[in-house]
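Q: Sequence first, predicted coordinates after that:
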Amino acid sequence: MKVLTTTLAAAILIAGAGCGGAELTAADLPRLDDQERAVFLLCQSDKYVEEHGKQAWETFSLKYDSPSDIEAALLKRGYSCTEQEVHDYF
């Protein structure tokens, strides 16, 4: 019974990993093309807006000089997306 439970738990973990994977980090971003990178920022911003609202987003985003600066600031604050979330926008 213990082997069956362990096997089932492992199968659930593996299945879950394929459903979205780990959130992307700054180290992952260079491998994204320009379109994926733009969508990643859109995904990040959507998460920020969900938590703080549109007005807060406008105030936040105006503090930075470029999209990559905004992206980095959002990552520092814990706003990221999985590769699957990025591809779901397409």
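A: Looks like it came in fine.

Q: and residue 64, helix, strand or coil?
A: coil (DSSP: H, G, I helix; E, B strand; the rest coil).

Q: Can you list phi and psi of it for me?
A: phi -120, psi 150 (degrees, to the nearest 10).

Q: From residue 76, how far out is it?
A: 12 Å (Cβ to Cβ, to the nearest Å). For every residue, glycine as well, the C-beta is placed using N, CA and C.

Q: Nearest residue to the residue nearest the centre of the chain in space, please, no chain neighbours.
A: Nearest residue to the geometric centre of the chain (Cα atoms, centre = their mean): residue 81, 0.8 Å. In this structure, residue 81 finds its nearest non-sequential neighbour in residue 43, 3.9 Å apart by Cβ to Cβ, 6 or more residues apart in numbering.

Q: the helices in the chain, which residues?
A: Counting by DSSP state H, the chain has these helices, from start to end: 2-17, 34-52, 54-61, 67-76, 83-88.

Q: Now tell me what touches the shortest one from outside.
A: Contacts to helix 83-88, defined as Cβ atoms under 8 Å, 6 or more residues apart in numbering, come from residues 19-21, 24, 28, 32, 36, 39-40, 43.
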